[in-house]
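Enquirer: Pasting the sequence and the predicted model now:
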Amino acid sequence: MSTKKTSMFTALSLIVLIFIAGCATTPPSAPASTTVPVTDIKTPLQTMIMATTIPSTITMVTPEPADTVTEKEILHDTGILTTKTYKMYDFKDLGYEFVYPYDTFRITIKSEKPVLGYALNTEQAGQLQGSQLIPHYETYSKKVQWGLIDPSFVLEKATDSTAEFVYGNYVRADKDGVEKVWNKGEVHPLTYVVDGRWMSYDPMYDNVQQFTYEIAITKTGGPTQQSFDFRNVT
């Protein structure tokens, strides 16, 4: 009997010990989660170089034609004259060895007494020294009598006068009243003259001793020597 009790006690003790041991044992860790490798799928980057067209904003500058001349004052002078003197201005000294048809100049004359201002061939200008070539007025005509002088542009009795002179396009009447064009299509050396001698023929100016004058010449247009074409002269 006692042996049976002892066996039962031993069995119960083992059960208790096994239970206690089971409670005291740390439960096994949950199996670690397996990380599935993530494949990083990258789409190949295609760098596309696009040809970018930038709108052009270039301002087109039209070059000045070769046969045009920018307005430029080529002479500004003051001087003293009498009823027996005159003053010459050679265009060669002003930078124009030759003057071409349609060369254009603006002439301004201011004078204390009325003077004649006129342009003529430089060769003719050299003949003004003689007493035979003095421009003057006669009682029978209101026009200046030039004798052998053939001017291409005239400012008569100028005291405060301005006019534009187009060389080779000057129309005047000859002694028979027939109009003609002076030196049309020709190239010449030119001289401009300020002349007070006409007053020596007019008693009204007998007491005039001397007087001052002022002249300005401005180049305003016309062809250049390089671009001039005689075939275009009409």
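Expert: Received it, and whenever you're ready, just let me know what you need. Numbers count the residues shown, from 1 in each chain.
Enquirer: export the longest strand along the chain as CSV, just CAs?
Expert: Scanning the chain for the strand with the most residues, using DSSP state E, yields strand 104-121. What follows is strand 104-121, C-alpha atoms only, in CSV (Å, rounded to 0.1, in the frame of the first residue of the first chain):
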residue,chain,number,x,y,z
THR,A,104,23.4,119.4,-104.3
PHE,A,105,24.5,122.3,-102.1
ARG,A,106,22.7,124.8,-99.9
ILE,A,107,24.1,128.3,-100.0
THR,A,108,23.5,130.9,-97.3
ILE,A,109,24.7,134.5,-97.6
LYS,A,110,24.3,137.3,-95.1
SER,A,111,25.8,140.7,-96.0
GLU,A,112,25.6,144.3,-94.9
LYS,A,113,25.3,145.3,-98.5
PRO,A,114,23.7,143.4,-101.4
VAL,A,115,26.1,141.1,-103.1
LEU,A,116,26.0,138.6,-106.0
GLY,A,117,26.8,135.0,-105.1
TYR,A,118,27.4,132.7,-108.0
ALA,A,119,29.1,129.4,-108.9
LEU,A,120,31.1,128.9,-112.1
ASN,A,121,33.8,126.8,-113.6
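Enquirer: For the next helix or strand after that strand, list the C-alpha coordinates in CSV.
Expert: The first helix or strand that comes after strand 104-121 along the chain, using DSSP states H and E, is helix 122-125. Taking Å, rounded to 0.1, in the frame of the first residue of the first chain, the C-alpha atoms of helix 122-125 are listed here in CSV:
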residue,chain,number,x,y,z
THR,A,122,37.1,127.3,-111.8
GLU,A,123,38.8,128.1,-115.1
GLN,A,124,36.3,130.9,-115.7
ALA,A,125,36.8,132.2,-112.2
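Enquirer: and helix 122-125, what does it pack onto?
Expert: Packing contacts for helix 122-125, counted by 3 or more Cβ pairs under 8 Å, 6 or more residues apart in numbering; DSSP states H and E, involve strand 86-90, strand 190-195. Every C-beta, even on glycine, is put in place using the N, C-alpha and C of the backbone.
Enquirer: Spell out which strands sit alongside the next helix or strand along the chain from that helix in the sheet and which way each one runs.
Expert: As assigned by DSSP H and E, the chain's next helix or strand after helix 122-125 is strand 136-137. Sheet pairing for strand 136-137, assigned by DSSP bridges, gives strand 144-145 (antiparallel).
Enquirer: What are the contacting residues of the partner strand?
Expert: If you take Cβ atoms under 8 Å, 6 or more residues apart in numbering as the criterion, strand 144-145 is touched by Leu116, Pro135, His136, Tyr137, Glu138, Val154, Glu156, Trp198.
Enquirer: Tell me the buried residues in the longest strand of the chain?
Expert: By 16 or more other Cβ atoms under 10 Å, the buried positions in strand 104-121 come out as 104-111, 113-121.
Enquirer: Write down the beta-bridge partners of Ile80, one by one.
Expert: Under the criterion used (DSSP bridges), Ile80 bridges to Thr212.
Enquirer: Isn't it up against Glu214?
Expert: No: if you go by Cβ atoms under 8 Å, Ile80 and Glu214 don't touch, sitting 11.0 Å apart.
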